[in-house]
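A.B. asks: Generate a structure from the sequence data that follows.
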Amino acid sequence: MADILIVDDDIETRQTLRSILIDSPYRDFPIREADTAEKGLALLKCKQHTVLLTDLFLPDMDGIEFGKKVLKNHPNTHVVAVTHLQMFQCVQECINGGFSAYLLKPIAKNELLQVLERLIAIQLVYQTAPILEKQNTLSEELLEADLGNPIESAMKFIQFKYFEPITQKEAADFVYLSPSHFSRIFKEEAGKTFVEFLTEYRIAKSKNLLRMTSLPMDVIASQTGFSSAAYFSTTFKRQENQTPSEYRNMFSKFVK
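C.D. replies: Modelled structure (predicted):
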């Protein structure tokens, strides 16, 4: 899950930002605050944050220099300037410094949420797309069958492989059981069939992307193991009694 760090010595601004975030699809994301650059850097050392929202006037450091320092030490953090300054020179310095966005105070809710949607989508795609070589390697290293707990191992297999076109036979082979015996005991222990469990897991993963991003349906379908956007939509409708688009639209009320 993405973490958000707010660095601003103005308590009213921090409260406004937190209030917007709490009343949005990002309400469950960890939010931390600091009133100085030094405290912000200390928090970043303890915990990596996906997004940093920082004022350009901090009591102990220039905000642009602070942002540059963060990017140098934590290159995967997205730095967003939050300021009263409308000077082109400041905007240009932020862009040249590698900042991801520039927001003006007073903060407009829709602008902030649109920026977060864009930036956090990158993190979510990384988390939900283990097709990346790094994650594939990690998955193979961690995925081991516990033959004393074959169904638990099979569920773990699904969690690591859901984005691939996996079959029940592959899962059965993974735990060294015949497909028929595997099918029977999976239903007994999980209370649902292998296909039902796999489908529900894929749908749960797709919901994260539908809530938090504006990614196209075909991208979400491919990232969550569905063969096509049409099949994804049909399966989602059957499971949730609404289409993926209808589910996504339920959360659009947060952005106004």
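
A.B. asks: and the nearest residue to Arg32 once chain neighbours are set aside, which of the three is it?
C.D. replies: Nearest in space to Arg32, with sequence neighbours left out and distances taken as C-beta to C-beta, 6 or more residues apart in numbering, is Leu5 at 5.1 Å. C-beta here means a position set from N, CA and C on the backbone, and glycine is covered the same way. Assigned by DSSP: H, G, I helix; E, B strand; the rest coil, the conformation of Leu5 is strand.

A.B. asks: list the contacts for Leu5?
C.D. replies: Listed by C-beta atoms under 8 Å, 6 or more residues apart in numbering, the contact partners of Leu5 are Ile31, Arg32, Glu33, Ala34, Gly40, Leu43, Leu44, His49, Val51, Leu52, Leu53.

A.B. asks: In a strand, Glu33, correct?
C.D. replies: Yes. Assessed by three-state DSSP, Glu33 belongs to a strand.

A.B. asks: List the beta-bridge partners for it.
C.D. replies: Beta-bridge partners for Glu33, by DSSP bridges, are Ile6.

A.B. asks: That one reaches Asp9, doesn't it?
C.D. replies: No. Contact criterion C-beta atoms under 8 Å: Glu33 and Asp9 do not qualify, at 10.6 Å.

A.B. asks: okay, these two: which has more neighbours?
C.D. replies: Remark: of Glu33 and Asp9, Glu33 carries more neighbours, 18 against 15, as counted by other C-beta atoms under 10 Å.

A.B. asks: pLDDT score for the more buried one?
C.D. replies: At Glu33, the predicted lDDT confidence score is 97.

A.B. asks: just Val70 next, same as before
C.D. replies: 96.

A.B. asks: Is there a neighbour count for it? I'd like the number.
C.D. replies: Using other C-beta under 10 Å, Val70 has 24 neighbouring residues.

A.B. asks: Next one: it relative to Val79, how far apart?
C.D. replies: 6 Å (C-beta to C-beta, to the nearest Å).

A.B. asks: Give the intersection of the neighbour lists for those two.
C.D. replies: Counting by C-beta under 8 Å, 6+ apart, the residues touching both Val70 and Val79 are Leu52, Thr54.

A.B. asks: hang on, the earlier thing: can the contacts of Leu5 go into TSV with extra columns for distance to Gly191?
C.D. replies: Shown next, in TSV, are these (distance: C-beta to C-beta, whole Å):
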residue	distance to Gly191
Ile31	37
Arg32	39
Glu33	43
Ala34	46
Gly40	47
Leu43	43
Leu44	44
His49	39
Val51	39
Leu52	44
Leu53	44
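
A.B. asks: which one of those residues sits closest to Thr13?
C.D. replies: Lowest distance from Thr13 to the contacts of Leu5 (C-beta to C-beta) belongs to Leu53, with 9.1 Å.

A.B. asks: Check whether that closest one really touches Ile4, as I assumed.
C.D. replies: Yes. Counting by C-beta under 8 Å, Ile4 is a contact partner of Leu53 at 6.9 Å.

A.B. asks: With neighbour numbers in mind, choose between those two.
C.D. replies: For Leu53 versus Ile4, the count of surrounding residues by other C-beta under 10 Å is larger for Leu53: 27 against 23.

A.B. asks: Over to that one. Which of the three states is it?
C.D. replies: Here Leu53 is strand, with the state taken from three-state DSSP.
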